[in-house]
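Participant: give me a model of this one.
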Amino acid sequence: MKGRVIFEGKATGELLLSNEPMGWLGCVDPVDGMVIERGHPLEGRCVKDKILVFSSGKGSTVGSYTIYALKKNNVAPAAIICEQSEPVVAVGAIISKIPMVDLIPLTFFKNANTVSVDGEDVFLK
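Facilitator: Purely as a prediction, here's the structure:
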């Protein structure tokens, strides 16, 4: 499936999918990559090296720097895919050089375990 490239790159990894928006500041620990937001569907899961798929971003503009801290601490997702990008996540992906694509419906990932991103193309394995 083709999406809109926010930051071009290639990555393959295990799918980590949330139907809920993803926050960053106070929601993901930048030291270990664990989702710490209480009640979030991904609470207790680690984003490191995953193809992180979610509906959209939410929260503070400082979230861009949280994504950057994840990258600096080697615990960032391998790629980010969302239905609808917004500036916080887009800037975070760009400054962190994390491949990012949006405009891909979450239903596309229904039976996937492994996902590959290559520019605008998203493949299920």
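
Participant: specify the local secondary structure of the most centrally placed residue in the chain.
Facilitator: Nearest residue to the geometric centre of the chain (Cα atoms, centre = their mean): Ile80, 3.1 Å. Three-state secondary structure (criterion: DSSP: H, G, I helix; E, B strand; the rest coil) places Ile80 in strand.

Participant: could you find the closest non-adjacent residue to it?
Facilitator: Of all residues not flanking Ile80 in the chain, Met100 sits nearest, at 4.4 Å (Cβ to Cβ, 6 or more residues apart in numbering). No exception for glycine: its C-beta is placed from N, CA and C like everyone else's.

Participant: tell me how far the one you found lies from Gly3.
Facilitator: 9 Å (Cβ to Cβ, to the nearest Å).

Participant: of those two, who's got more company?
Facilitator: Met100 (28 against 21; other Cβ atoms under 10 Å).

Participant: for this structure, longest strand please?
Facilitator: Looking across the chain with DSSP state E, the single longest strand is strand 10-17.

Participant: CA atoms only: put it into CSV for me.
Facilitator: Extracted in CSV, the C-alpha atoms of strand 10-17 (Å, rounded to 0.1, in the frame of the first residue of the first chain):
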residue,chain,number,x,y,z
LYS,A,10,13.6,1.9,4.8
ALA,A,11,12.8,-0.3,7.8
THR,A,12,11.4,-3.8,8.6
GLY,A,13,10.2,-4.9,12.0
GLU,A,14,7.6,-6.4,14.2
LEU,A,15,4.3,-4.6,14.1
LEU,A,16,3.2,-2.6,17.3
LEU,A,17,-0.3,-1.4,16.6
